[in-house]
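>>> no sequence for this one, just the structure:
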């Protein structure tokens, strides 16, 4: 007997008929002799509808109260699935975040799970129940309801799988798995059978929306095997697991493209200690996440400082930059919002050299000019003009032979 | 500084605009220097919509899960009001039933409040918050969410008022107060300024929908002054309070009419000990509430046994009656669903005789035949044919001079 956590996203529970399909899948696993915990998102569209309602109540809805409101979405689907399973003769029980012992910090709207007291869930499983948990939510030290941010149900599921030492966490979604790149951009995109936590993490950070970043971090930390698969068919999806030796045979596993960044450059900043701290300190204080940071040396004791932020934060980041620019006597500020960040990701980079060269040459062969470059141990990202984004993705996908299955 | 509990029903929070009106009323009370606890129902129609959704998921939705689902209705309005008050610069905080310390028994769907741990509410009030509580819900010993049945938010409000020793519990609704009878039936109906708990209880039991029965029991038990008033104007409504000496000057305070009963008669039942216990024991086991019970002696060691149940329970009650009738060799079963129960209620009955005679004469003067009679210390009820219901109400209202204000 194994213990499986199933997680179903909003499109998989979009209406009663789809919830019935979910019930069918869950029953099948249970009939097969497995213990099953089901973690659910809100019905597709419900969270947006609730946010719209909140915006009618207040232009800037209070975050604590917004969490109380949003938590109703998952509460609804959890209750519906549990009553459906019971109507079909199964023992089942729903649990809200606080009932499932999901203990978070106080950050309303983007709370982080601190720990899970899985006593009640374990007891319900031992009593033969199919356990249904409302995803996306928890409770803080004060007993206040918190939510985990967009995609938070993924994190609920993985965290519960970790706490219960589940054999697998199956993330059921509306795509077949993790692809080498976005199939809407590149027809040659191929489903990846197995991917390491590290690669998945980079891909999630770079905008592959298939898993919430936090959920991958959790899976990695607690070594939870995650199976990303479709709720609309029976195909195997993508296993997200610990790095294995054979994974490194592929130099590059995937190509991503993020259109959601904007660039700000402070020109001719005095090249003195403390200048960077001033600007990035001010941005951090405003809770603006900076992605890439590039500093080039110029002649004459001056330097150009470039960074990227998400388009959502761009206006605020620009205001702050203008204030700091004046303070530090920078010559001017240049910005660009018509940019795209294309990245190649692969564990193989750790042991293979020359990946960057292949990437730059491929882009150059299509006359795509690279504006900024940043790298991690298993990733190389280039900022280019947005209009070249799709071409760049297809070019890189072909350059690294991603259309061919991994050996 | 006084402590006021406000309760707003579904029509008073039916949309964002009406919730804004509620916010206005609450602010006004708070600005006037009072501490305010607001208890809210779900938006009008939402509970019915959720029940319809549950019925799509299961023909007989599991009660525990139905409570989890229904509780989202009040959760939504509580969050919306709290964020609206905060947007207007007030300190405010929402509490769900379990957060408000509302501790109930395990009876999903019709749980009874056992006690209230008001620590968190008191703390929030002491910190200067307007406290917003989701009505209709609580949590049982297991931490499961329970709901209090239709109109349960009234009971939440009165119970919270009792726990906090509030100065008044104001029930804001879509009517101006408690009327001498239904104004839709009798144009002369008059708003009652003050009514005793006992009279209100009888009126609630008899179908005056303005307050949940349990809420009046709570108010009586803990001596909570309840003010029933309209959320759409500033008029004083009806104060529900302890009996005072001058209340007895009115012999009859109100006339009610309940069209929701059905009658079952077992003809020629052997007049032996234990027969009644058999039938009413079986009905109780099926959780069917019996209202009136009348037994007439017949000649020949046989008796007729008549009782009434709500129309909802009629079919099931009839099935049970048929089984018992066979068992005890009753001759036949007669039923009637086209009946109405008209009642007159008044504390004055305790000290005035002749009320019954006035009632029977008034009905007789209009040729309305009385089928069944039952009485309590402060009430006389007559079952008549449903087609005479409106006429009977108007006749009794006039016979007891209810169109004239109490002296």
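Yes, it's here. Since this is a predicted model, take the numbers as computed values, not measurements.
>>> Please name the nearest non-neighbouring residue to residue A:337.
Excluding its sequence neighbours, the residue lying closest to residue A:337 (CB to CB, 6 or more residues apart in numbering or on different chains) is residue A:262, at 4.4 Å. C-beta here means a position set from N, CA and C on the backbone, and glycine is covered the same way.
>>> quick one: low-confidence ranges for the stretch 51-200 of chain A?
Across the stretch 51-200 of chain A, not a single residue meets the criterion (pLDDT under 70).
>>> Around chain B, pick out the residues from it.
Residues of the stretch 51-200 of chain A lying close to chain B (CB under 8 Å from any CB of the partner chain) are A:53-54, A:56-62, A:64-66, A:68-69, A:71-72, A:75-76, A:78-84, A:86-87, A:93-94, A:96, A:98-99, A:120, A:143-145.
>>> Do a quick rundown of the strands in the stretch 301-407 of chain A.
Applying DSSP state E, counting those that start in this stretch to the stretch 301-407 of chain A gives strands spanning A:302-310, A:332-336, A:339-345, A:372-376, A:379-385.
>>> follow-up on the earlier one: please tell me I have it right and the residue nearest to residue A:337 contacts residue A:336.
Yes. Contact between residue A:262 and residue A:336 holds when scored by CB atoms under 8 Å: they sit 6.8 Å apart.
>>> thinking again about what came up before, buried subset of the residues of the stretch 51-200 of chain A next to chain B, written for PyMOL?
In PyMOL, the members of these classed as buried (16 or more other CB atoms under 10 Å in any protein chain shown) are selected with the following command:
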select buried, chain A and resi 53+54+57+58+61+62+64+65+66+68+69+71+72+75+76+78+79+80+81+82+83+84+86+87+93+94+96+98+99+120+144+145
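>>> What about the residues of the stretch 51-200 of chain A next to chain B, which are in strands?
Of these, the ones assigned to strands by DSSP state E are A:93, A:94, A:145.
>>> Wait, the second one touches residue A:132, no?
Yes. In this structure, residue A:94 is within contact of residue A:132 by CB under 8 Å, at 4.5 Å.
>>> Can you work out which residues contact both of the two?
Counting by CB atoms under 8 Å, 6 or more residues apart in numbering or on different chains, the common neighbours of residue A:94 and residue A:132 are A:78, A:81, A:82.
>>> which ones are touching the second one?
Taking CB under 8 Å, 6+ apart as the definition of contact, the neighbours of residue A:81 are A:13, A:19, A:22, A:23, A:26, A:38, A:40, A:92, A:94, A:132, B:57.
>>> could you redo the last one with a cut-off of 7 Å?
Residues near residue A:81 by CB atoms under 7 Å, 6 or more residues apart in numbering or on different chains: A:19, A:22, A:23, A:38, A:40, A:132.
>>> Stretch A:159-176: end-to-end distance?
22 Å (CA to CA, to the nearest Å).
>>> Other residues contacting it?
Defining contact as CB under 7 Å, 6+ apart, one finds that stretch A:159-176 is touched by A:2-9, A:11-12, A:37, A:39, A:100, A:113, A:116, A:118, A:121-122, A:133, A:154, A:157-158, A:191, A:210-211, A:218, A:222, A:224-231, A:235, A:237.
>>> how about it: buried residues?
Neighbour-count burial for stretch A:159-176, counted by 16+ other CB under 10 Å, picks out A:159-164, A:166, A:168-173, A:175-176.
>>> Can you report how many residues neighbour residue A:296?
Neighbour count for residue A:296, taken as other CB atoms under 10 Å in any protein chain shown: 9.
>>> hang on, the earlier thing: other SSEs contacting the helix or strand harbouring the residue nearest to residue A:337?
Per DSSP states H and E, residue A:262 falls inside strand A:261-270. Packing contacts for strand A:261-270, counted by 3 or more CB pairs under 7 Å, 6 or more residues apart in numbering or on different chains; DSSP states H and E, involve strand A:302-310, helix A:311-327, strand A:332-336, strand A:339-345.
>>> give the contact list for the spatially closest residue to residue A:215 that is not a sequence neighbour.
Closest residue in space to residue A:215, ignoring its immediate chain neighbours: residue A:154 at 3.7 Å, by CB to CB, 6+ apart. By CB under 7 Å, 6+ apart, residue A:154 lies in contact with A:7, A:171, A:211, A:212, A:215.
>>> Looking at those, which is nearest residue A:355?
Distance to residue A:355 across the contacts of residue A:154 (CB to CB) is lowest for residue A:211, with 24.1 Å.
>>> hang on, the earlier thing: point out the most buried one among the strands of the stretch 301-407 of chain A.
Stretch with highest mean neighbour count among the strands of the stretch 301-407 of chain A: strand A:339-345 (a mean of 26; mean count of other CB atoms under 10 Å in any protein chain shown).
>>> re earlier: any idea which of the strands of the stretch 301-407 of chain A gets closest to residue A:33?
strand A:339-345 (37.6 Å).
>>> and that closest one, how far from the chain's centre?
Per CA atoms, centre = their mean, to the nearest Å, the displacement of strand A:339-345 from the mean C-alpha position of its chain is 16 Å.
>>> Remind me what that strand packs against, helices and strands.
By 3+ CB pairs under 7 Å, 6+ apart, strand A:339-345 packs against helix A:197-205, strand A:254-258, strand A:261-270, strand A:379-385, helix A:389-399.
>>> Starting from that strand, tell me which strands it pairs with and how they run.
Strand pairing for strand A:339-345, determined by DSSP bridges: strand A:254-258 (antiparallel), strand A:379-385 (antiparallel).
>>> nearest to residue B:109, of those strands?
strand A:254-258 (49.4 Å).
>>> residues in contact with that closest one?
Outside strand A:254-258, the residues that touch it by CB under 7 Å, 6+ apart are A:180-182, A:185, A:192, A:199, A:203, A:206-208, A:340-345, A:389, A:393, A:396-397, A:402.
>>> Over to stretch A:306-314?
Stretch A:306-314 is contacted by residues A:260-265, A:288-294, A:317, A:337, A:372, A:383 when judged by CB under 7 Å, 6+ apart.
>>> try it again with 8 Å
For stretch A:306-314, the surrounding residues in contact (CB under 8 Å, 6+ apart) are A:260-266, A:280, A:283, A:288-296, A:317, A:335, A:337, A:339, A:341, A:372, A:383.
>>> Next, the contact list for the residue in the stretch 201-350 of chain A that chain B sits nearest to, please.
Taking CB to the nearest CB, chain B has its nearest neighbour within the stretch 201-350 of chain A at residue A:231, 17.6 Å off. Going by CB under 8 Å, 6+ apart, residue A:231 touches A:8, A:9, A:11, A:12, A:18, A:21, A:22, A:25, A:172, A:173, A:174.
>>> can you do 6 Å?
By CB atoms under 6 Å, 6 or more residues apart in numbering or on different chains, the contact set of residue A:231 is A:8, A:12, A:172.
>>> Give the pairing partners of the strand holding residue A:262; include direction for each.
Paired neighbours of strand A:261-270 in the sheet (DSSP bridges): strand A:302-310 (antiparallel), strand A:332-336 (antiparallel).
>>> Just put those strands in TSV and tack on mean pLDDT.
Below are those laid out as TSV (pLDDT from 0 to 100):
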stretch	mean pLDDT
strand A:302-310	90
strand A:332-336	94
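>>> could those strands be laid out in CSV, adding distance to residue A:255?
Shown next, in CSV, are the strands paired with strand A:261-270 (distance: least, CB to CB, whole Å):
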stretch, distance to residue A:255
strand A:302-310, 19
strand A:332-336, 22
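>>> closest one to residue A:352 among those strands?
Across the strands paired with strand A:261-270, closest to residue A:352 is strand A:302-310 (CB to CB), at 27.0 Å.
>>> Apart from its chain neighbours, what residue comes closest to residue A:336?
Counting by CB to CB, 6+ apart, residue A:263 is the residue found nearest to residue A:336 once chain neighbours are left out, at 4.5 Å.
>>> And the residue nearest to residue A:215, how close does it get to residue A:160?
Residue A:154 sits 11 Å away from residue A:160, going by CB to CB, to the nearest Å.
>>> roughly how far apart are the closest residue to residue A:189 other than its chain neighbours and residue B:12?
The shortest distance from residue A:189 to any non-neighbouring residue, by CB to CB, 6+ apart, is to residue A:183 (4.1 Å). For residue A:183, the distance to residue B:12 (CB to CB) stands at 51 Å.
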